[in-house]
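>>> sharing a model that was predicted from the sequence below.
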Amino acid sequence: MTLSEVTFLFLNIFINFIIFKYFDFLKKIIPIYDVPNLPRKTHKLPVSVLGGAWILLNFFITILYLSFFNDNLLIKTFFFNLRDKAHFLAFLIIFLFIGLYDDANDIKYKQKSFIFFFLSLCLFYTNEKLIIYTLKIIFIDQQYSFSLGKYSLFFMTFSFIFLLVSLNFLDGINLNLGSFYFINILFLFFLSKNIIFLYLITPMIFILYLNYKSRLFLGDSGAYVISLILMFFFINNYNQGLINFDKIFILFLYPTVDFIRVVTVRLFTFKNPAVGDRNHFHHILKRKFRNHKAILIIVLKNLLLIISSFFIPPLFVVVFYILVYFAILFICKSKIPTI
């Protein structure tokens with residue numbers, strides 16, 4: 001690491017510590033709260049939902065500093081010019097404000113679906129660098145390539161909408177979404193050895209602590225910001241040949257499997273799939289264990305998933321994960337005593 005990179009790392013830690021120190025004052029200036037006004041909400045008092053705004057602010061400061069003092073690092077992180085930076089930051093801000101409005105006013109699912117589709121379509125239409133044109137999938141020991149051709153734009157649009165919704169599903173108990181984001185950013189750091197991911201991890205240390213204490217939620221805005229950041233870095237790493245599609249799919253297997261199961265159950269029980277409930281994996285775990293034990297199980301399960309993907313063929317990893325996922329659900333719903 002260069003002196004400039006180390007200097008900003010300490011500056012980054014200091015800035016985020018100041019935000020943490022005066023967070024109770026800051027949340028009064030921007031009073032946007034998650035109010036416990038629905039049966040599925042378990043917290044008793046209104047909680048600030050500025051987690052996504054904090055992540056975006058840190059991201060903006062990082063981009064601004066590096067633009068002046070280490071632009072080469074940004075180029076290595078796929079921000080090749082001013083347009084790339086402005087384009088990504090603009091969409092981050094748009095999704096943040098939509099999320100904050102959704103947190104405060106609960107946008108109807110039909111309106112939200114239209115907004116997601118329109119913005120996602122604009123996101124990929126205005127930046128072809130974010131589009132995957134060929135899917136390269138490893139089946140057992142053989143790699144197969146599938147050209148998406150003219151369907152690439154719509155494939156990316158609907159994939160991103162799926163990511164937005166599935167990650168939003170994770171924001172049901174403290175630390176769930178935040179730990180998922182933390183693990184994926186950490187994975188990107190070890191994949192690329194790029195210090196920018198350490199800058200992105202820094203605020204999460206403070207955010208996770210406040211989230212654990214129920215003083216801060218990531219909320220819809222946090223889920224949308226996190227979705228956009230992870231999508232940007234994983235897609236660019238894929239298009240540069242640094243990671244294959246199988247690895248990306250495995251990393252997002254947890255929210256994917258849980259989303260499919262929850263929506264399927266809602267459909268088969270004649271419930272609106274867009275109306276929230278407490279049937280998610282993390283809710284079921286929390287009912288069986290305490291919150292911290294539930295999160296520990298989820299984190300260990302996700303880490304095991306990532307580690308196994310380096311040694312086991314992707315198909316076997318997926319099958320193994322699904323078996324573990326449903327085995328844990330079976331234990332949680334059974335009368336087997338827990339420690």
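Happy to help now that I have it.

>>> from here on, contacts and neighbour counts on C-alpha atoms
OK.

>>> break down the stretch 151-300 of the chain into its helices, ranges please.
152-170, 176-192, 196-212, 219-239, 245-251, 253-268, 281-288, 291-308 (DSSP state H, counting those that start in this stretch).

>>> the third one vs helix 219-239, what angle?
It refers to helix 196-212. 160 degrees (axes from the mean of the first three to the mean of the last three CA atoms, to 10 degrees).

>>> and the helices of the stretch 151-300 of the chain: which comes nearest residue 321?
Among those, helix 291-308 comes nearest to residue 321, with 6.9 Å by CA to CA.

>>> what is the rounded mean pLDDT of the helix or strand immediately after the closest one in the chain?
Following helix 291-308 in sequence order, the next helix or strand is helix 314-333 (DSSP states H and E). For helix 314-333, mean pLDDT is 88.

>>> then stretch 77-92?
Throughout stretch 77-92, pLDDT has a mean value of 89.

>>> pull out the buried residues from it.
Residues of stretch 77-92 classed as buried by neighbour count (16 or more other CA atoms under 10 Å): 77-79, 85, 88-89, 91-92.

>>> what's the distance between it and the middle of its chain?
Computed by CA atoms, centre = their mean, to the nearest Å, the chain-centroid distance of stretch 77-92 equals 19 Å.

>>> which residues are contacting that stretch?
56, 60, 63, 74-75, 123, 194, 196, 225, 228, 233, 236 (CA atoms under 8 Å, 6 or more residues apart in numbering).

>>> ok, back up a step: dump the buried residues of stretch 77-92 to a markdown table, plus secondary structure.
Shown next, in a markdown table, are the buried residues of stretch 77-92 (DSSP: H, G, I helix; E, B strand; the rest coil):
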| residue | secondary structure |
| --- | --- |
| 77 | coil |
| 78 | coil |
| 79 | coil |
| 85 | helix |
| 88 | helix |
| 89 | helix |
| 91 | helix |
| 92 | helix |
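
>>> which pair in those spans the largest distance?
Greatest spatial distance among the buried residues of stretch 77-92 (CA to CA): 77 and 91, at 17.4 Å.

>>> pLDDT of the helix or strand hosting residue 53, averaged?
Applying DSSP H and E as the criterion places residue 53 in helix 51-69. Helix 51-69 comes out with an average pLDDT of 93.

>>> so how far is that helix from its chain's centroid?
Helix 51-69 sits 17 Å away from the centroid of its parent chain (CA atoms, centre = their mean).

>>> rewinding a little: can you flag the buried ones in the contacts of stretch 77-92?
Using 16+ other CA under 10 Å, the buried ones in the contacts of stretch 77-92 are 56, 63, 74, 123, 194, 196, 225, 228, 233, 236.

>>> so for residue 149, what's the nearest residue that isn't a sequence neighbour?
Leaving aside its sequence neighbours, residue 149 sits nearest to residue 133 (CA to CA, 6 or more residues apart in numbering; 6.1 Å).

>>> kindly report the same for residue 42.
Nearest residue to residue 42, sequence neighbours excluded (CA to CA, 6+ apart): residue 36, at 7.1 Å.

>>> checking my notes, the one you found in a helix, right?
No. Counting by three-state DSSP, residue 36 falls outside a helix, being coil.

>>> that one against residue 43, yeah?
Yes. Counting by CA atoms under 8 Å, residue 43 is a contact partner of residue 36 at 6.1 Å.

>>> what's the spacing between the nearest residue in space to residue 226 that is not next to it in sequence and residue 247?
Closest residue to residue 226 apart from its sequence neighbours, by CA to CA, 6+ apart: residue 181 at 6.9 Å. Counting by CA to CA, to the nearest Å, the gap from residue 181 to residue 247 is 16 Å.

>>> please apply the same query to residue 239.
Using CA to CA, residue 239 is found at 13 Å from residue 247.

>>> ok so, going back, just checking, the residue nearest to residue 226 touches residue 224?
No. Using CA under 8 Å, residue 181 makes no contact with residue 224, being 11.7 Å away.

>>> tell me which of the two has more neighbours.
Neighbours around residue 181 and residue 224, counted as other CA atoms under 10 Å, are more numerous at residue 224. The numbers are 26 against 20.

>>> residues contacting the more buried one?
Residues near residue 224 by CA under 8 Å, 6+ apart: 52, 95-96, 99, 164, 167-168.

>>> so where is this structure shaky, pLDDT-wise?
38-41, 139-140, 335-339 (pLDDT under 70).

>>> which of the three states applies to residue 120?
In terms of secondary structure, residue 120 is helix; the call rests on three-state DSSP.

>>> residues contacting it?
157, 160-161.

>>> can you rerun that using 10 Å?
By CA atoms under 10 Å, 6 or more residues apart in numbering, residue 120 lies in contact with 91, 95, 114, 153-154, 156-161, 228.
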